[in-house]
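Visitor: got a structure for you, letters missing:
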């Protein structure tokens, strides 16, 4: 019982779950954190459904057991000092000239929302908004970001209130595995401004028509979001989510829970 | 990625001085091609001079035409009112290329400087005369479905992927360049990019350190009748198998002026001058478009896997010309317009 005091935020349910599954390992887990061999053993002693039931608690345990420390890289070649704003807060860093904005966000600033998919500008998972334009952070060198304003998925919500695009992606189930979602949402948020500015696309009927605040058809949304690939194929739902935020009326939710509620 | 020195040039003279003095230095614009090639170890510059903040980002009237700044982004250029109104062919071509994110990053100068390339160029385990002169061409007798049907050599059969440049070729653009000691020269677009010949390592005729300041578009009367058709394996965000920039000026139904340029078929944008000459003074009919396209494609030299491009390019020329005649409205000529909502 004395050992439990070392992890006061381990809930009774979580402790019980672990104790039931791996009584021999419990004290070691509590003193040194869950390790890979514990996790493999969990798979060996439990069925998948039993594991799934406890997974949330275990995941929380694991998250606590490996605190991420912000540390400067051991060795920087051709270091560049940069000052820029990320989600409103000023950042001053020295980066290797080779460092991309994506790696800087993820590895130096602990903003792991922006995802590394292909790392070659082909998938859009790393999309962030720089100076109000959506760009690919995997092909942006951090050194080029001096004085710029970067918005990532972490910067879209206001406190606990989701950005309308985030809320709409949830409402319309605009994802399955979720890996491309931060990029999809950042891309869609910037797209709303592009539509307000009256910017054209390849499927715009007549590029000579320079109206502002254009209404995007589904075909327009698809073309303009083509830089964001979704391997789960959530495209129809992504289009619905964007249409809801872009349009002035609600788009019907097409899924429901098994008991008929939404 | 290999280490490199990075600097931001305060003015063009400094940038030009730095890159001219170091044969391993490159200009950095949006980086959408260069940074990727550096990650793949295909390009290995020891120094990058960032020119993206230099003050060449304006799009303005120049004489009777328009000058587009080299450091303006592709997205900014395609959405500029002067371009959309007077050069819709250029706006359409830019918007057909890459993705919204990439168009926001890529500069106009960088677009012209992107590498002519193919999958063998990208794979450092494969022979490639463009990447490593003298190692041979893996594509010549390899998988060459996406490769050239015009102007290739035994040394290289790669195609140039820019859409923007296809429109610039059709519009007779002029590339303004600055070198060391404030030397300036104007390069007609047809002479800017190169065919591979014996030196596929060179994509264009810029000398080391020469910096593109602007691209000038002469005045024309094509705005009413121009169209950019891009045919690819998926409907967006893919390189062209074949693309066509087409523009016409007609008197009644008689063709007074016509411009046709092809993308995806050669080491550089390919002006279909045989088809153009065939059409001058003729009536704008499907039969004439077909005959002109056939005349152009008679000179094609397909490889083992890209014979389809000959038939595809001929049909694409006809469609693009018809699209231009109908005012360049998107959707009128697309095969999959039934998917419109």
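Guide: Alright, I've got the coordinates. The structure displayed is predicted, hence computed values, not measured ones. Numbering: from 1, shown residues only, chains lettered A, B, ... in the order given.

Visitor: Distance of residue B:266 relative to chain A?
Guide: Separation of residue B:266 from chain A (C-beta to the nearest C-beta, to the nearest Å): 22 Å. For every residue, glycine as well, the C-beta is placed using N, CA and C.

Visitor: If I follow the layout properly, that residue ends up in contact with residue B:157?
Guide: No: applying C-beta atoms under 8 Å as the test, residue B:266 and residue B:157 come out as separate, 9.5 Å apart.

Visitor: Neighbour count for these two, which is higher?
Guide: Taking other C-beta atoms under 10 Å in any protein chain shown, residue B:266 and residue B:157 do not tie; residue B:157 has more neighbours (28 against 24).

Visitor: Leaving out sequence neighbours, find the closest residue to the closest residue to chain B within the stretch 151-262 of chain A.
Guide: Closest contact between the stretch 151-262 of chain A and chain B, by C-beta to the nearest C-beta, is at residue A:227 (2.6 Å). Excluding its sequence neighbours, the residue lying closest to residue A:227 (C-beta to C-beta, 6 or more residues apart in numbering or on different chains) is residue B:99, at 2.6 Å.

Visitor: Give me the neighbour count for that neighbour.
Guide: Neighbour count for residue B:99, taken as other C-beta under 10 Å: 26.

Visitor: Show me the chain divided up by domain.
Guide: Answering for chain A, as no chain was given. Each domain of chain A is listed here as a residue range: A:11-65, A:79-155, A:164-246, per automatic domain parsing.

Visitor: wrong one, chain B
Guide: Following automatic domain parsing, one finds the domains of chain B at B:5-50, B:226-327.

Visitor: Reformat the ones you listed into a markdown table and put mean pLDDT next to each item.
Guide: Output for the domains of chain B, formatted as a markdown table (pLDDT from 0 to 100):
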| stretch | mean pLDDT |
| --- | --- |
| domain B:5-50 | 97 |
| domain B:226-327 | 97 |
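
Visitor: mind listing the strands for the chain?
Guide: By default, I'm working from chain A. With strands called from DSSP state E, chain A shows them at A:79-86, A:89-96, A:127-130, A:133-136, A:149-151.

Visitor: ah, no, chain B please
Guide: B:5-8, B:25-28, B:47-50, B:59-62, B:65-69, B:174-178, B:184-188, B:211-217, B:226-231, B:242-251, B:254-263, B:270-271.

Visitor: So which residues on the stretch 151-262 of chain A come close to chain B?
Guide: Residues of the stretch 151-262 of chain A found near chain B (C-beta under 8 Å from any C-beta of the partner chain) are A:187, A:190-191, A:194, A:197-208, A:210, A:217-219, A:222-228.

Visitor: switch the cut-off to 7 Å
Guide: Contact residues, the stretch 151-262 of chain A versus chain B (C-beta under 7 Å from any C-beta of the partner chain): A:187, A:199-208, A:210, A:217-219, A:223-224, A:226-227.

Visitor: Tell me how many other residues surround residue 261.
Guide: Looking at chain A here, since you left the chain open. Residue A:261: 6 neighbours (other C-beta under 10 Å).

Visitor: let's do chain B instead
Guide: With neighbours defined by other C-beta under 10 Å, the count for residue B:261 comes to 31.

Visitor: Over to the one 4 residues further on?
Guide: Burial of residue B:265 is recorded as 33 neighbouring residues (other C-beta under 10 Å).

Visitor: isn't it right up against residue B:147?
Guide: No: using C-beta atoms under 7 Å, residue B:265 makes no contact with residue B:147, being 9.2 Å away.

Visitor: Residues that sit against both of those two, list them.
Guide: With contacts defined as C-beta atoms under 7 Å, 6 or more residues apart in numbering or on different chains, the residues shared by residue B:265 and residue B:147 are residue B:159.

Visitor: how close does residue A:232 get to residue A:118?
Guide: Shown here: residue A:232 relative to residue A:118, a distance of 16 Å by C-beta to C-beta, to the nearest Å.

Visitor: now the helices: where do they sit in the chain?
Guide: By default, I'm working from chain A. According to DSSP state H, chain A carries its helices in the segments A:12-21, A:26-32, A:36-45, A:48-65, A:101-103, A:164-171, A:181-196, A:218-224, A:235-246.

Visitor: look at chain B instead
Guide: B:12-21, B:34-39, B:74-78, B:81-86, B:88-96, B:100-105, B:108-113, B:119-122, B:164-170, B:273-279, B:286-297, B:308-325.
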